[in-house]
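Visitor: coordinates only, sequence not included:
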């Protein structure tokens with residue numbers, strides 16, 4: 001199931017922060033990551049660097065599939081914990097980038113309009129930090145770099161699920177286009193993350209190159225909690241828009 005669009009309240013205008021976040025992600029990937037492997041590896045978040053406060057600047061060999069494989073490392077920012085921020089705007093490839101930005105474009109605007117620009121931006125970044133913390137706690141000694149906006153966007157999905165559960169989402173499912181409630185579309189996505197995340201909870205460096213499911217789970221849970229807090233302040237969930 002892949003989302004292609006959702007219901008939006010008419011007359012709300014441009015979701016400026018969401019569009020800006022998308023533009024920054026593309027700019028970082030094209031202008032900084034594509035020309036420089038050193039930037040990608042130096043500014044990704046490495047659990048072992050965050051927990052020790054030590055920047056790893058040489059290749060480290062890890063076991064992958066029974067073979068010893070070098071993981072590149074380059075100098076990062078000072079303090080090294082700034083990679084918790086920089087890594088939120090970085091991606092591992094075009095498919096990774098495009099997939100994340102599609103989700104952010106579809107679901108981010110309604111959440112932004114509900115929260116307002118400044119609170120939405122603060123929430124987005126906070127969800128990204130919580131997601132990174134969840135990933136780091138799951139394997140604090142890992143030297144495998146992690147990067148991507150997935151954790152922050154997972155937070156957006158969690159908040160959307162609470163705030164707009166009845167909104168209809170257009171999805172591509174089994175070669176057909178159909179519409180399902182947001183609670184179904186996002187719920188199925190979340191179930192997949194939890195199944196895979198807790199199935200890999202004992203993973204080590206042998207999972208190098210895999211998906212950081214615990215980051216997705218951490219960001220999503222943070223988004224759900226924040227969604228209930230926001231809903232408590234503003235009132236009940238927003239009814240899905242209906243058109244004549």
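Guide: Yep, that arrived. If you're wondering where the values come from, they're calculated on a predicted model, not measured in any experiment.
Visitor: give me the element residue 180 is part of.
Guide: Assigned by DSSP states H and E, residue 180 belongs to strand 176-181.
Visitor: just the strands in the chain please.
Guide: With DSSP state E as the criterion, the chain has strands at 2-6, 60-64, 67-71, 168-173, 176-181.
Visitor: Turn those strands into JSON lines, columns for distance to residue 104 and mean pLDDT.
Guide: The way it works is simple: take the backbone N, C-alpha and C, and place the C-beta from them, glycine included. Shown next, in JSON lines, are the strands of the chain (distance: least, Cβ to Cβ, whole Å; pLDDT from 0 to 100):
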{"stretch": "strand 2-6", "distance to residue 104": "11", "mean pLDDT": "89"}
{"stretch": "strand 60-64", "distance to residue 104": "31", "mean pLDDT": "84"}
{"stretch": "strand 67-71", "distance to residue 104": "28", "mean pLDDT": "89"}
{"stretch": "strand 168-173", "distance to residue 104": "14", "mean pLDDT": "89"}
{"stretch": "strand 176-181", "distance to residue 104": "20", "mean pLDDT": "90"}
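Visitor: Provide the contact partners of the strand holding residue 180 at residue level.
Guide: 1, 4, 165, 166, 167, 168, 169, 170, 171, 173 (Cβ atoms under 8 Å, 6 or more residues apart in numbering).
Visitor: Do a quick rundown of the helices in this protein.
Guide: Using DSSP state H, the helices found in the chain span residues 16-27, 37-42, 47-52, 83-86, 94-115, 117-138, 150-163, 182-199, 213-234.
Visitor: and of the ones you listed, who's closest to residue 8?
Guide: Residue 8 lies closest to helix 94-115 among the helices of the chain, at 6.3 Å (Cβ to Cβ).
Visitor: Now do the closest one and helix 16-27, the angle between them.
Guide: Per axes from the mean of the first three to the mean of the last three Cα atoms, to 10 degrees, the angle that helix 94-115 makes with helix 16-27 is 160 degrees.
Visitor: Name all residues that make contact with the spatially most central residue of the chain.
Guide: Taking Cα atoms, centre = their mean, the centroid of the chain lies closest to residue 150, which sits 1.7 Å from it. Contacts for residue 150 (Cβ under 8 Å, 6+ apart) come out as 100, 131, 212, 215, 216, 219.
Visitor: related to what we said a few turns ago, quick one: buried residues of the strand holding residue 180?
Guide: By 16 or more other Cβ atoms under 10 Å, the buried positions in strand 176-181 come out as 179, 180.
Visitor: worst-scoring helix or strand of the chain, pLDDT-wise?
Guide: Within the chain, judged by mean pLDDT, DSSP states H and E, the helix or strand with the poorest mean is helix 182-199; its value is a mean of 82.
Visitor: what number of residues lie near residue 67?
Guide: 8 (other Cβ atoms under 10 Å).
Visitor: Show the contacting residues for residue 60.
Guide: Residues in contact with residue 60 (Cβ under 8 Å, 6+ apart) are 70, 71, 73, 143.
Visitor: separation between it and residue 45?
Guide: 15 Å (Cβ to Cβ, to the nearest Å).
Visitor: Over to residue 51?
Guide: Residue 51 is 11 Å from residue 45, by Cβ to Cβ.
Visitor: Have a look at those two and say which one is more surrounded.
Guide: residue 45 (29 against 14).
Visitor: so the more buried one sits right up against residue 132, yeah?
Guide: Yes. In this structure, residue 45 is within contact of residue 132 by Cβ atoms under 8 Å, at 5.5 Å.
Visitor: who touches both of these two?
Guide: 84, 87, 146.
Visitor: related to what we said a few turns ago, name the stretch among the helices of the chain that sits most buried.
Guide: helix 150-163 (a mean of 28; mean count of other Cβ atoms under 10 Å).
Visitor: Just want the angle from that one to helix 213-234.
Guide: Helix 150-163 runs at 40 degrees relative to helix 213-234, counting by the same axes, to 10 degrees.
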